[in-house]
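Colleague: Fold the following for me, if possible:
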Amino acid sequence: MFAAREQTDLLFRMIAPAALYGRPVAERHRIVFYLGHLEAFDWNLLARRSLGESSFHETFDRLFERGIDPPPGEEPVDAASDWPTREEIADYNLRTRHWIDKHLEECDPWVLRMAIEHRLMHAETLAYVLHHLPYAEKSGPAPVFAPSEAPANPLEPVSAGSARLGQTSGEFGWDNEFAAHSKAVPEFAITRYKITNAEYLEFVKEGGEAPLFWRREGEQWFWNGMFGSVPLPLDWPVWTTWNQASAFARWRGLRLPSEAQWHRAAEARGPGNYGFRHWDPVRVQAFEFTGNGWEWTRDVFAPFEGFAAHGSYPGYSADFFDGSHYVMKGASPRTAPLLARTSFRNWFRPEYPYMYAGFHLVEERA
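Modeller: Prediction:
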């Protein structure tokens, strides 16, 4: 718990005080929400629902309980003045942490793991929200960039076989990771690397939509990194929406992988760029497979057979089985190692442009 808190505390320390009430991502709450949400979630889950503790601030318990994921065109319209002061939230946070720390040994280990992983998820969510703050409103290391050509990215065969999806009973996982099962996967081929900025640039030159992380000045393209802008690194993975990735795949005459195909490919490859080691991507050749950006699949987010919502957080997955979200696999530079397990399933709307997400392409061969 303490290591997870340090990751989220770090993010709040790096932003200017005035930025706290900004909303750099239109589809999400103002940054101030996250300052209260992380502690409110822990308090509501561990203290109130799990251990039966009485509320000391019901208004904050409700206000900060849950984030938002609005459909396009339904972004929030609240004002900065609608939110509590930083000092009020800090007092609430201090009280929740003090109580939880005194009662950690009483917590159900599974529910405590949920709280830890939830906070680590938000260490990433908050990172991509802060990514879009003006550089003057945050502090951190400048992007590390050395101009380099992109590598060839051939299709490589993956033999037919069985993919294991999900977690088995007794392993920790979120409700959508259960129940574990195997799925037969015919032979296919997958690109050696994630699609690079260089490959996607050719698509843009022919009319494809540029990603949010790119910026054009005259004839020059730039990458908007977390703490600075650099000339577009051609050998970095491109980060796109699902819609953009799908359009590129059609342009290439290929497909996004299914979740099962991703598993078959990932089983034969090594780890990658995740675990808070970098703020931005690195060249695609640097790591084998998982990491350097989540990966879009072509599969709609849906339950596995045997799905059952967890009683402590019944809406975690079920609220998003709506046909409007797509499965993402892998990890990004800001994904915690705990969440980089192959069974973990992320999901986002197809038009959502802020997530650190790239993709491989596949060719069916059966």
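
Colleague: my guess is S317 meets N176, correct?
Modeller: Yes: counting by Cβ atoms under 8 Å, S317 does reach N176; the two are 4.0 Å apart. (Each C-beta comes from the backbone N, C-alpha and C, glycine too.)

Colleague: so what sits against both of those two?
Modeller: Taking Cβ atoms under 8 Å, 6 or more residues apart in numbering as the contact rule, S317 and N176 both touch 301, 303, 307.

Colleague: What about those residues, which one has the most neighbours?
Modeller: In terms of neighbour count, F301 stands highest of the shared contacts of S317 and N176 at 22 neighbours, by other Cβ atoms under 10 Å.

Colleague: which residues touch it?
Modeller: Listed by Cβ under 8 Å, 6+ apart, the contact set of F301 reads 176, 317, 320-321, 325-327, 345, 347.

Colleague: in this structure, which spans are helices?
Modeller: 2-13, 31-42, 58-63, 86-102, 109-130, 197-205, 242-252, 259-267, 315-318 (DSSP state H).

Colleague: Take the ones you listed and write them to JSON lines, including mean neighbour count and distance to S332.
Modeller: As requested, those are exported to JSON lines (neighbours: other Cβ atoms under 10 Å; distance: least, Cβ to Cβ, whole Å):
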{"stretch": "helix 2-13", "mean neighbour count": "15", "distance to S332": "14"}
{"stretch": "helix 31-42", "mean neighbour count": "23", "distance to S332": "18"}
{"stretch": "helix 58-63", "mean neighbour count": "15", "distance to S332": "29"}
{"stretch": "helix 86-102", "mean neighbour count": "16", "distance to S332": "26"}
{"stretch": "helix 109-130", "mean neighbour count": "20", "distance to S332": "7"}
{"stretch": "helix 197-205", "mean neighbour count": "18", "distance to S332": "16"}
{"stretch": "helix 242-252", "mean neighbour count": "19", "distance to S332": "15"}
{"stretch": "helix 259-267", "mean neighbour count": "22", "distance to S332": "15"}
{"stretch": "helix 315-318", "mean neighbour count": "16", "distance to S332": "20"}
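
Colleague: how close does the nearest residue to A4 once chain neighbours are set aside sit to T241?
Modeller: Nearest residue to A4, sequence neighbours excluded (Cβ to Cβ, 6 or more residues apart in numbering): R119, at 4.4 Å. Note on R119: its distance to T241, by Cβ to Cβ, to the nearest Å, is 26 Å.

Colleague: Cool, thanks, signing off.
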